[in-house]
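Q: I'd like to go over a predicted model; first the sequence, then the structure.
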Amino acid sequence: MILYATNAKANFDYEITDKYEAGLKLNGAEVKSVRGKHLQIKDGFVKFNAQNRLILLNCYIAPYEFAIQDGYDPYQPRLLLLHESELLEIKTKTTSSHLTIVPLKVYNSPSGRIKVEIGIGKGKKQFEKRRILREKEIKRTIDRTLKTYK
């Protein structure tokens, strides 16, 4: 498995409860750009469109440098491919309890296809984020002091 991009901001901003693996519908030049790791998913999010399909929005895939792409939009919406049962399950979870769907990572499956791991989570409050940062800083100082006494 080759990891192309991760969204570290998602685990900080959201409390992820469920994770799903989805296929990503791309054209040939986009596939080559993703395999070259020319993408960003840190500001991306996932929504249902009018046809009840999941689409990945605000995800940047750079234009492939050796392809001629007139009018190419690097932020265009991209379709996520899931089974109907998974789509129904995600739709019921997100509509009933106001949860958010965010992309967590983009990777290569063993069969060679590009996959996106999406997570369903609830947004953290500002005080929760500050508490997490404070706990990390305390742990870092404790480890630093223990290291000097060894």
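A: Done, it's in.

Q: and the strands in the chain?
A: 3-6, 14-24, 39-40, 45-48, 54-57, 60-61, 78-81, 100-108, 114-123 (DSSP state E).

Q: output the longest helix belonging to this protein.
A: helix 126-149 (DSSP state H).

Q: which residues are in contact with it?
A: For helix 126-149, contacts defined as CB atoms under 8 Å, 6 or more residues apart in numbering pick out 12-13. C-beta coordinates here come from the backbone N, C-alpha and C atoms, glycine included.

Q: switch the cut-off to 10 Å
A: Helix 126-149 is contacted from outside by 11-13, 15, 124-125, using CB atoms under 10 Å, 6 or more residues apart in numbering.

Q: give the buried subset of these as a ChimeraX selection command.
A: A single ChimeraX command selects the buried members of those (16 or more other CB atoms under 10 Å):
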select :11,13
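
Q: going by distance to residue 45, which of the contacts of helix 126-149 wins?
A: residue 13 (10.8 Å; CB to CB).

Q: hang on, that closest one packs against residue 119?
A: No - checked against CB atoms under 10 Å, the pair residue 13 and residue 119 is beyond contact range at 11.1 Å.

Q: which neighbours do these two share?
A: Shared contacts of residue 13 and residue 119, counting by CB under 10 Å, 6+ apart, come down to 7, 100, 102.

Q: show me what contacts the closest residue to the first one other than its chain neighbours?
A: Closest residue to residue 7 in three dimensions, ignoring its sequence neighbours and counting by CB to CB, 6 or more residues apart in numbering: residue 41, at 5.0 Å. If you count contacts by CB under 10 Å, 6+ apart, residue 41 has them with 4-7, 9-10, 56, 58-61, 102-106, 116.
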